[in-house]
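1. sequence first, then the predicted structure, then my questions.
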Amino acid sequence: MTVGNSGSLKAILGPTNTGKTFYAIERMLAHRSGMIGLPLRLLAREVYHKVADRIGAQHVALVTGEERIVPPKARYWVATVEAMPLDMPVECLAIDEIQVATDFDRGHVFTNRILHARGLNETLLLGAATMAPVIRTLLPDAEIIHRPRFSELLYAGSKKISRQPPRSAIVAFSATQVYAIAELIRRERGGAAVVMGALSPRTRNAQVDMYQNGDVDFLVATDAIGMGLNLDVRHVAFADDRKFDGHQTRPLTPAEFGQIAGRAGRHMINGSFGVTGHAAEFEEELIVQLETHDFEPVRVLQWRNSELDFASLNALLASLDRTPDRKQLTRVPVATDQHALEFLSRNEAGALAVGRKAVELLWECCGIPDYRDISPAQHGEIITRIYVDLMRRGRVDADWIAEQVRFCDNVSGDIDALSNRIRQIRTWTFVANRRNWLEDPTHWREKTRDIEDRLSDALHERLTQRFVDRRTSVLMRHLRDKHMVSPEVNDRGEVSLEGHLIGSIEGFRFTLARSDDGDSKNLRAAASQVVAPEIAKRAERLSGSPNEEFVLATDGTVRWRGEVVANLAEGDQLLRPRLIVLADESLSGPELERVQDRLDLWLRHTINTQLESIMQLAEPADLEGSARGIAFQLSEHLGLLPRTAVSEDVKALDQDVRAKMRKLGVKFGAYHIYVPLSLKPAPRELALILWALKNGGVRQPGVADLPQIVLSGRTSFLIDPEVNPKLYEVAGFKVAGKRAVRVDILERLADIIRPLIALDPKRHEGELPAGAAEGNGFRVTVEMTSLLGTAGEDFASILTSLGYRVRRTPKVAAPAPAVEATPETAAQDAVEGTAAPTEDAAVIDAATTDLGAPAPSSEPAADAPAPAEKAEPEFDEIWFPGGRRPENARPDNKRPRFNRPAAAAPADGAAPAEGQAERPKRFPRPDRKEGDGAPGRPRFEGRRPNGDGKFEGKGGKPGGGGGKRFDKPKDDWKEHRPRVERETKLDPNSPWAALAALRNPKSE
């Protein structure tokens, strides 16, 4: 390409359908080399294929912002106007649709090509006749050739959208309008193709081909059809007369109306135009202008200085702001690339733009189109990242590009989602086509092109699915012929009409593929002759089906061979629900009765099988009295009953009755009476569904999720506050604190804790078990936390909810021994865990300190080292059963006191921890004299501490014969530990005498 006035210069002007583009192609091919600039990438590809078909693809190059096909021996170049290679000399050069020079966004590019782009022998400027005056003024040497339209264009008035003639294009100016009109045409006329500027070229081509091939008779489009698309359109109807041009919503100009309306009629076939929808009828003056193609001439073109100064960033900005020196040119409003340049000049990219090459590269980066139409700031951030990478690395970071491209590589979603991804991938396609921007540009060009093609194909498919109803189109043709076809039903229940799907049968219900109005009644009538026989066959097959073919889902639906055939409904009893068969009017009479009977039989079998261990408790033959009542309540509560609900009845059961109940599968736990067999996943899922039917419905939160948790084998998990707590119990869990704990796991935890709180470490011989603690308490062990799958605060909340209370005492490091330890003292230290003074002394010291006695001196010895910085205190946590004696009644608004051992001081004689100072006051004080107990504590009267820190006398150990006791968290405590009758003489040779001796050595 050369710049100047070399060769002849011709302006081929006229309305649409004058053959201007065809003429330019013929003239270009008449030369040994040539180039044509087109306004749209879509049109450029169309022309490229035409030329390649005539002379061979090896001689034709295609260059657009997002695509570059350049054979080694290319002689003819087809490009978009913006992408025309300015340094490529050719004999013939043509620029199509030069009237775009008036556009605010792209006009300055067309103006630049009009003024400066020239072929060596011939230059052709193609456009509307309105460009004649300005061309004559700006290019006085140009030869202006007017070409007449081949066919006439006539006004057809106003018609409803549903009454537009076949082969019509209906024009609107927003995606919302286009979609609404296409949806209406689909319902009324069978479907429409959609063409918008926001669609990718591949998608637009596919939609146009669908219209051109006759698959649909209507085209719904924006003004994108007004430029370059050669369509077989007979009529153009305007559904609106205003559009948003990127800056404001304004009425269309007569010339714009003419550009769009001129698409009606091809070659020698006349066309028509009119209005529809909410558009007002055209005025007579406008009609005359459109029919005669007589519009106001263009007076001014958009212009921007093309001789840019890249000496510095400021110089570039100043050169872009230069004003034209001719009145036929006006400086274009700030374009997208200039907005980007101004944004980059204020951030780190501007600081890197030092020197001519850096500024030139910055301007090249600013030329990346904003296909996504996002905010200037977001677009500027993308350009900034690309420019910074190019300046610092020499290439755009491949990992970053891969991440952006990978985000776009997803063909799922609706029309809008796919359109957004196409706009994004076009940005990276543009970047991949820049020279030397990427390490492997060929790979990225192929990658981005492949993604865009797949997204475009998916978008075309979504548009077709949404706006083209081939079934209705086929049916409409047959209705016009008064010929009804016989629909077919395949083995998947799909009903088709001449190969087009019109609906489907699921279970015993027929559903149209679309539930919209229009021809749905005709479709149903056409399918009714085969739907009823097919449903009757299904009913017969279901009546003879085995139980394995039926499934009850958590949403209460019954599926047969994967298809929903019935819904579970609430019955008179919890274990006797009802089934409602889901069928339309095609299933009735004996067939419906057979289906109902078979489903009822399967449901009874399912409940009786999965809940057999529960149902046998409803009327047990071998149980009477309270045992029979407990069994019946177990059946009503689906095999799981809190022990507190029947604690008195359980206490009244003797061992023989309990043995009978155990044979029925009942287990007596510390917290629950339950049937272990019913805790398996299948019975629990069924129990959840049955309980939910009578309590809030099966669609409430938790019904669908809890069976999965039961099946996973989790022993505990955090509760969901939105789930009814009763659902956790029905699922086999107890809500304890913040978590739900499986019932059988909770009982295993009780089995671990029970021997620990019954153990006296001082009297125990041998190694202490893990978790043992003084005073009938216990420490949390790894075995406990592993069993429940949790630890820390969550585990503590579980223990607290079970009635246990914690005593936290700070751990004190043992002082260095004053003398060398003897073997005897070392052995004792190993047992007691410390070389400090004896535990009894520590307990007495702590107790007296709490009662106000002088505390031991805390002054360091004269030769003691300087105290170290205060470390984070460590606490020893010992848990105790939290119940209180029945006689220790307190007002309801008071916290219950702990029944801890008499010596309640912290371990190792340490002082109470901070924040725990008041807690020791809740325990009996060993130095309280007889009769001075506080009100409400009669159990301390007449008791005195002995030398071990224990209480003697009334109710104490060992003199009173009473001993420490708790309101245990298990009503069945005695069932799980040996019972010692204290006033009965034991056989000295019996094991019970030996056990008593171990528990109370002083008794010897």
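-> Sure, I can see it.
2. which stretches of this protein have low pLDDT?
-> For the chain, the stretches with pLDDT under 70 are 1-6, 228-229, 471-487, 514-530, 812-872, 883-1004.
3. stretch 628-648: end-to-end distance?
-> Stretch 628-648 has an end-to-end distance of 14 Å (CA to CA, to the nearest Å).
4. which one's the longest strand in the chain?
-> strand 563-573 (DSSP state E).
5. which strands or helices does it pack on?
-> If contacts are counted by 3 or more CB pairs under 8 Å, 6 or more residues apart in numbering; DSSP states H and E, strand 563-573 sits against strand 557-560, strand 576-581, helix 589-610, helix 681-694. Using the backbone N, CA and C atoms, a C-beta is placed for each residue, glycine as well.
6. and with 7 Å instead?
-> strand 557-560, strand 576-581, helix 681-694 (3 or more CB pairs under 7 Å, 6 or more residues apart in numbering; DSSP states H and E).
7. elements contacting the longest one?
-> In this structure, helix 681-694 packs against strand 563-573, helix 589-610, helix 706-712, helix 725-730, with contacts taken as 3+ CB pairs under 7 Å, 6+ apart.
8. which is the next helix or strand following the shortest one?
-> By that I understand helix 725-730. strand 733-736 (DSSP states H and E).
9. what does that following strand contact?
-> Among residues not part of strand 733-736, those counted as contacts by CB atoms under 7 Å, 6 or more residues apart in numbering are 671, 719, 725, 728, 740, 741, 742, 743, 746, 798, 801, 802.
10. what about the residue nearest to the spatial centre of the chain, which SS state?
-> Taking CA atoms, centre = their mean, the centroid of the chain lies closest to residue 413, which sits 13.0 Å from it. Classification of residue 413 by DSSP: H, G, I helix; E, B strand; the rest coil places it in coil.
11. how about it: what's its closest non-neighbour residue?
-> residue 421 (7.6 Å; CB to CB, 6 or more residues apart in numbering).
12. name every strand pairing with the longest strand of the chain and say which way it goes.
-> Sheet pairing of strand 563-573 (DSSP bridges) gives strand 557-560 (antiparallel), strand 576-581 (antiparallel).
13. got the buried residues for the first one?
-> Of all the residues in strand 557-560, those buried under the rule 16 or more other CB atoms under 10 Å are 557, 558, 560.
14. how about the longest one?
-> The neighbour-count check on strand 576-581 (16+ other CB under 10 Å) flags 577, 579, 581 as buried.
15. of these, closest to residue 649?
-> Comparing the buried residues of strand 576-581 against residue 649 with CB to CB places residue 577 closest, at 29.2 Å.
16. close enough to count as contact, residue 683 and residue 608?
-> No - Residue 683 lies out of contact with residue 608 (CB atoms under 7 Å); the separation is 11.6 Å.
17. looking at those two now, which is surrounded by more residues?
-> residue 683 (23 against 12; other CB atoms under 10 Å).
18. name the SS class of residue 278, please.
-> Assignment for residue 278 (three-state DSSP): coil.
19. how close does it get to residue 241?
-> Using CB to CB, to the nearest Å, residue 278 is found at 9 Å from residue 241.
20. between these two, which one's more packed in?
-> residue 241 (17 against 9).
21. skipping its backbone neighbours, what lies nearest that one in space?
-> residue 279 (5.3 Å).
22. give me every residue that touches the one you found.
-> So residue 279 contacts 238, 239, 240, 241 (CB under 7 Å, 6+ apart).
23. put together CSV for these, with distance to residue 679 on each row.
-> Output for those, formatted as CSV (distance: CB to CB, whole Å):
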residue, distance to residue 679
238, 71
239, 66
240, 67
241, 72
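24. what's the closest of the residues you listed to residue 549?
-> Comparing every one of the contacts of residue 279 with residue 549 (CB to CB), the shortest separation belongs to residue 239, at 53.5 Å.
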